[in-house]
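Student: Sequence and predicted model, in that order:
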Amino acid sequence: MIDLHTLLGLAIGDALGAPTEFKTAAEVQRRWPDGFTTFQPGSPFGFAAGEATDDTQMTLATLSGLQDSASPPVPAALRHFITWNRSGPPDVGRQTHTALLARAPVGGWVTWLAEGGDAAGNGGLMRAAAPFIHGLRGESLRRVTLSTVALTHPDPRCLISSVLLADLLERLQTTGDVDRAARAATDAAITYVQRSGLDHLTEDGLFLDRDARDDTRTRTLVAARWPQAVQSAAEAAHACVTSALQGKRTTPSGYTLDTLQNALATGTGETYLDVVLPHALRGGDSDTTAAVAGALAGGRRLPLPDDLAATVRVGHTWGDWQRQWTVQHAAQRLLRAHA
């Protein structure tokens with residue numbers, strides 16, 4: 001099962017935000033003084049109007065790994081990530097690229113430690129909806145989200161924000177109260193990562209090197225940093241969500257909690273475009289913020305613009321995927337391949 005509505009919500013937001021990525025709000029205003037509601041050219045990475053970026057592509061790569069029932073999710077997802085990374089995507093983030101160069105589950109941790117335990121980009125959050133889209137729920141949803149995100153982004157701020165998003169999407173299937181669901185998801189994500197995060201990541205093989213050997217040195221270094229890092233992340237996540245639910249947006253940066261705050265701040269919008277367009281028209285890390293907001297709108301079952309849903313495309317060729325395919329076609333192929 002694939003939740004096509006949420007996947008398309010994410011992909012449309014991604015493609016709407018692509019042309020304004022890295023632009024300032026003033027630059028966006030000058031180029032599009034009347035705004036826009038359709039796909040536009042102008043991506044700094046050469047994506048054509050209607051093409052999705054790394055956010056959607058890594059979501060599809062995660063789904064490919066999860067659909068591979070013959071393999072556990074962590075090594076399967078990692079294989080698909082490596083294939084995508086080797087294909088030369090023009091917009092791959094530095095943290096993601098560096099972690100995947102290790103070609104090992106431990107690569108994310110090695111990268112995090114090399115950055116002094118302070119590497120909290122949004123490259124994990126951008127694909128964190130994938131396990132929900134795949135159909136996982138409850139404990140399985142939290143655990144697979146945690147482990148697949150940690151392959152590149154194991155900073156506790158990344159893990160909490162990603163598990164929070166996944167948990168929120170699940171809660172939105174039974175309630176329309178976004179604020180209440182977001183508060184509950186925040187508490188649940190923090191509790192899960194604090195109590196079980198490091199144990200589950202160890203059990204799921206996130207400290208294995210490319211030869212499937214336990215990297216005990218890295219595990220020891222991470223364990224020494226973990227308690228304080230998780231406590232700081234929990235405090236930052238609470239502050240982020242509190243501000244978001246007051247409608248406060250922050251810098252549209254690539255920091256995972258900035259992205260989460262901005263997406264949540266518009267998450268109660270009445271229409272899909274109300275939720276997503278404020279980010280596409282603001283610039284900064286617009287594609288990822290709009291993608292996360294789009295996943296939230298899709299998870300709320302807000303109607304998607306028909307013309308955009310029918311035409312949003314994958315945007316890059318790698319493995320079995322083709323740049324020109326629509327995301328709808330890509331999802332259908334994925335379902336048929338694993339039927």
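Tutor: Here it is on my side, so go on.
Student: so where is the stretch 201-339 of the chain shaky, pLDDT-wise?
Tutor: Residue ranges of the stretch 201-339 of the chain with pLDDT under 70: 338-339.
Student: Strands along that one, start to end?
Tutor: Remark: no strands are assigned in the stretch 201-339 of the chain by DSSP state E, counting those that start in this stretch.
Student: and the longest helix for the protein?
Tutor: Using DSSP state H, we find that the single longest helix of the chain is helix 216-245.
Student: Does it pack against any helices or strands, and if so which?
Tutor: Applying 3 or more CB pairs under 8 Å, 6 or more residues apart in numbering; DSSP states H and E, we find helix 216-245 packed against helix 107-114, helix 156-171, helix 178-192, helix 198-203, helix 256-265. All C-beta spots, glycine's among them, are computed from the backbone N, C-alpha and C.
Student: Can you list the neighbours in contact with the last one?
Tutor: Contact partners of helix 256-265, identified using CB atoms under 8 Å, 6 or more residues apart in numbering, comprise 120-122, 124-126, 153, 155, 157-158, 161-162, 164-165, 182, 236-237, 240-241, 243-245, 247-253, 279, 285, 288-289, 292-293, 296.
Student: Give me the most central residue, the protein.
Tutor: Met126 (1.8 Å; CA atoms, centre = their mean).
Student: wait, what's in contact with the closest residue to it other than its chain neighbours?
Tutor: Of all residues not flanking Met126 in the chain, Asp55 sits nearest, at 4.1 Å (CB to CB, 6 or more residues apart in numbering). If a contact means CB under 8 Å, 6+ apart, then Asp55 has 10, 14, 126-127, 287-288, 291 as its contacts.
Student: What residues of stretch 234-253 count as buried?
Tutor: 234, 236-237, 240-241, 243-245, 249-250, 252-253 (16 or more other CB atoms under 10 Å).
Student: Can you lay out those residues as CSV showing distance to Arg213?
Tutor: As requested, the buried residues of stretch 234-253 are exported to CSV (distance: CB to CB, whole Å):
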residue, distance to Arg213
Ala234, 32
Ala236, 34
Ala237, 33
Cys240, 37
Val241, 39
Ser243, 43
Ala244, 42
Leu245, 45
Arg249, 45
Thr250, 42
Pro252, 41
Ser253, 37
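Student: Out of those, name the two that are farthest from one another.
Tutor: The largest separation in the buried residues of stretch 234-253, counting by CB to CB, is between Ala234 and Pro252 at 23.7 Å.
Student: State the number of residues packed around Asp209.
Tutor: 16 (other CB atoms under 10 Å).
Student: these two touch, right, the residue nearest to the centre of the chain and Thr59?
Tutor: Yes - at 7.5 Å, Met126 counts as touching Thr59 under the criterion of CB atoms under 8 Å.
Student: mind listing what's buried in stretch 68-78?
Tutor: For stretch 68-78, burial by neighbour count (16+ other CB under 10 Å) applies to 68, 73-78.
Student: Likewise for stretch 101-114?
Tutor: By neighbour count on 16+ other CB under 10 Å, the buried set for stretch 101-114 is 102, 104-113.
Student: With that, I have no additional questions.
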